[in-house]
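[1] here is a sequence with its predicted model. Questions after.
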There are 2 protein chains.
Amino acid sequence: VFDSGIGGLTVVRALRRRLPGEDIVYFGDTARFPYGTKSAETLVELALEDAEFLLARGVRLVVVACHSASSVALEELRRRLSVPVVGVIEPGARAVVAATQKHRVAVIGTSATIRAGAYERAIRKVESAKAKGQTGGRRELTIVAKATPLFVPLAEEGWVDGAVPELVAREYLRPLVDEGVDALLLGCTHFPLLAGVMGRVLGSGVKLVDSSEETAGEVERRLGKARRTKCEGQTGGRLRVYVSDIAPSFESLAARFLGESPTEVMRASVGE
Amino acid sequence: VFDSGIGGLTVVRALRRRLPGEDIVYFGDTARFPYGTKSAETLVELALEDAEFLLARGVRLVVVACHSASSVALEELRRRLSVPVVGVIEPGARAVVAATQKHRVAVIGTSATIRAGAYERAIRKVESAKAKGQTGGRRELTIVAKATPLFVPLAEEGWVDGAVPELVAREYLRPLVDEGVDALLLGCTHFPLLAGVMGRVLGSGVKLVDSSEETAGEVERRLGKARRTKCEGQTGGRLRVYVSDIAPSFESLAARFLGESPTEVMRASVGE
């Protein structure tokens, strides 16, 4: 699993729950964070370097946990790498289309993710593939895309319960309820930490779709038999966490996103 | 005035209030934002490119409105440029030392700014220069440095009044009051937008020191006579805003930070 920072550790958390016997290598490119502001060309280069770092450690599958890299570099990675590559956008897009009854979905993310429009494109693609398989007329899917930048520092600060996140969630999410949305895609790896408060604000009429969780599910399906052979009855797969820069707050942040304290954390240089 | 993004427009706002007849050129390097995560070497390079962009437009003084660049590149800029260079850290440091009666000050900023410790160094330097001029013993100055990352998206979202900023300010700032601090330095160009709510939460016993305002004051002093000759009785100096990347939200964000809608906004490439 690689990401531009530490957010992708929520994907690792979901993977460890689903595949407890699996060894996982994580690379967070914290020295070159954030990827969201970089050009497509640069992003492809960085993603290739990150993936090669993981391949050199013997991985059988690569998860691109960074939304910007998933949106821009996935095809090139699939062309160039000899192992399966799973991005973080397609699984969530499929799940949110499956979840809606009213054909009204919302996606929330950072300003950069929402501006780039990758989730909307992915959802439209899933929807039109689905429509092709159906006969007769179909209802147009409504997508409400909304940037919710305050959720990022709330997750990083660990302010995931209490008055502040409650009020912020209300401010951002109540308008989505008013618009009749019945499925909400969390389009940022930071957001699962706030799923509890979001669920309370939205009420039971809106399904929450967690892209980290859906990505882990996709990995589980892809690994298929090979995984089951390897993992059956196993627990305690090894997790190695590499980052290109270690900030003093790294350990506590990582534990928050991962849901456990990583025991093997190493600094690694990638690129020049 | 240059900055890695749009925050530096609060310095421009303060400058336009103090020096209404002065022409100002602003460069926001939004394409290469943020500077806070870049190495010192890279920062010096970027700052030199940004400053040269301004010099090519005929400026008589350069303001480094980016905290990271101010902290790392100021000496090199002063060595290489033929015009005065004003950073955004020293003026605030001087003002907060002057403001405290109890020798207990606090500085707030982004995680990157606080982690880098530039404000604490600058405050210590001011304090020890002051102590040299005094005879007899002196009380040690206590500096409480605190990262307050939620203030950044609050300012960008325009959530500067109401329940959410009030609660966030209370959460961050009340502990500073409890620690007996009587002067608070706003160590981020975004924070002046939240000065109102911060002041209400802190109460009258804590002086707020706004580094954007203090930087503008320093510019006013430096320009001295030349300015007065040029500006006396004038209003309506020209403001040109250049950015290296224009996001769709740029205009509304810029207006929020500047306090007026910029009329001349242009895209500019700097570096390669």
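    On my side now, so go ahead.
[2] pLDDT score for the residue of the stretch 1-150 of chain A at minimum distance from chain B?
    Nearest residue of the stretch 1-150 of chain A to chain B (C-beta to the nearest C-beta) works out as residue A:149 at 4.3 Å. Just so you know, the C-beta spots here come from the backbone N, C-alpha and C atoms, and that holds for glycine as well. pLDDT for residue A:149: 93.
[3] before we move on, what about the one 3 residues further on?
    If you check residue A:152, the pLDDT there is 93.
[4] and it, how many neighbours does it have?
    As a burial measure, residue A:152 scores 22 neighbours (other C-beta atoms under 10 Å in any protein chain shown).
[5] correct me, but it touches residue A:187?
    No. Judged on C-beta atoms under 8 Å, residue A:152 makes no contact with residue A:187 at a distance of 11.9 Å.
[6] please identify the helix or strand for residue A:159.
    When elements are assigned from DSSP states H and E, residue A:159 belongs to no helix and no strand.
[7] excluding its backbone neighbours, what's nearest it?
    residue A:165 (5.5 Å; C-beta to C-beta, 6 or more residues apart in numbering or on different chains).
[8] in a helix, the one you found, correct?
    Yes. According to DSSP: H, G, I helix; E, B strand; the rest coil, the state of residue A:165 is that of a helix.
[9] residues near it, how many?
    When neighbours are counted by other C-beta under 10 Å, residue A:165 registers 24.
[10] got the contact list for the residue nearest to the residue of the stretch 1-150 of chain A closest to chain B when sequence neighbours are not counted?
    Nearest in space to residue A:149, with sequence neighbours left out and distances taken as C-beta to C-beta, 6+ apart, is residue B:153 at 4.3 Å. Contact analysis of residue B:153 by C-beta atoms under 8 Å, 6 or more residues apart in numbering or on different chains lists A:149, A:150, A:152, A:153.
[11] got the angle between the host helix or strand of residue A:175 and helix B:163-178?
    Using DSSP H and E, residue A:175 maps to helix A:163-178. Using axes from the mean of the first three to the mean of the last three C-alpha atoms, to 10 degrees, the direction of helix A:163-178 lies 170 degrees away from that of helix B:163-178.
[12] what mean pLDDT does helix A:163-178 get?
    Confidence over helix A:163-178 (mean pLDDT, whole number) is 97.
[13] quick one: contacts of the helix or strand just after it?
    Next along the chain after helix A:163-178, taking DSSP H and E as the criterion, comes strand A:183-186. For strand A:183-186, the external contacting residues (C-beta under 8 Å, 6+ apart) are A:92-93, A:95-96, A:99-100, A:104-108, A:119, A:123, A:173, A:176, A:192, A:195, A:198, A:202, A:206-212.
[14] next structured bit after strand A:183-186?
    Next in sequence after strand A:183-186, counting helices and strands by DSSP H and E, comes helix A:195-202.
[15] mind giving me the packing neighbours of the very next helix or strand once past that next one?
    Next along the chain after helix A:195-202, taking DSSP H and E as the criterion, comes strand A:207-210. Secondary-structure packing of strand A:207-210 (3 or more C-beta pairs under 8 Å, 6 or more residues apart in numbering or on different chains; DSSP states H and E): helix A:90-99, strand A:183-186, helix A:195-202.
[16] wait, what's in contact with the closest residue to residue A:269 other than its chain neighbours?
    With C-beta to C-beta, 6+ apart as the criterion, residue A:269 has its nearest non-adjacent residue at 6.4 Å, and that residue is residue A:244. Residues near residue A:244 by C-beta under 8 Å, 6+ apart: A:27, A:28, A:29, A:30, A:31, A:32, A:267, A:268, A:269, A:270.
[17] mind doing that once more with 7 Å?
    A:29, A:30, A:31, A:32, A:268, A:269, A:270 (C-beta atoms under 7 Å, 6 or more residues apart in numbering or on different chains).
[18] check residue A:249 too.
    Counting by C-beta under 7 Å, 6+ apart, residue A:249 makes contact with residue B:111.
[19] so which of the contacts of residue A:244 is the most crowded?
    Using other C-beta under 10 Å as the neighbour test, the contacts of residue A:244 are led by residue A:29, with 27 neighbours.
[20] thought it was touching residue A:4?
    Yes. Between residue A:29 and residue A:4 there is a contact under C-beta atoms under 7 Å: 5.2 Å.
[21] report the contact partners of residue A:100.
    Contacts for residue A:100 (C-beta under 7 Å, 6+ apart) come out as A:182, A:183.
[22] any idea how far residue A:62 is from residue A:80?
    Noted for residue A:80: a distance of 11 Å to residue A:62, by C-beta to C-beta, to the nearest Å.
[23] which one's more surrounded, these two?
    residue A:62 (25 against 14).
[24] so who does that one touch?
    A:51, A:54, A:81, A:83, A:85.
[25] my read: the last one touches residue A:75, true?
    No. Between residue A:85 and residue A:75 there is no contact, the gap being 9.3 Å when judged by C-beta under 7 Å.
[26] neighbour count: these two, which is higher?
    Between residue A:85 and residue A:75, counted using other C-beta under 10 Å, residue A:85 has the larger neighbour count: 21 against 11.
[27] report the beta-bridge partners for the more buried one.
    Taking DSSP bridges as the rule, residue A:85 bridges to residue A:62.
[28] cool, and residue A:26?
    Those that pair with residue A:26 in a beta bridge, by DSSP bridges, are residue A:241.
[29] neighbours of it, just the number please.
    Neighbours of residue A:26 (other C-beta under 10 Å): 26.
[30] contact partners for it?
    Each residue near residue A:26 by C-beta under 7 Å, 6+ apart is listed here: A:1, A:8, A:9, A:12, A:241, A:242.
[31] now residue A:103
    A:139, A:141, A:142.
[32] where's the dip in pLDDT among the residues you listed?
    residue A:139 (74).
[33] check the secondary structure at it for me.
    Three-state assignment for residue A:139 (three-state DSSP): coil.
[34] skipping adjacent residues, who's closest to it in space?
    Nearest non-adjacent residue to residue A:139, counting by C-beta to C-beta, 6+ apart: residue A:103, 4.8 Å away.
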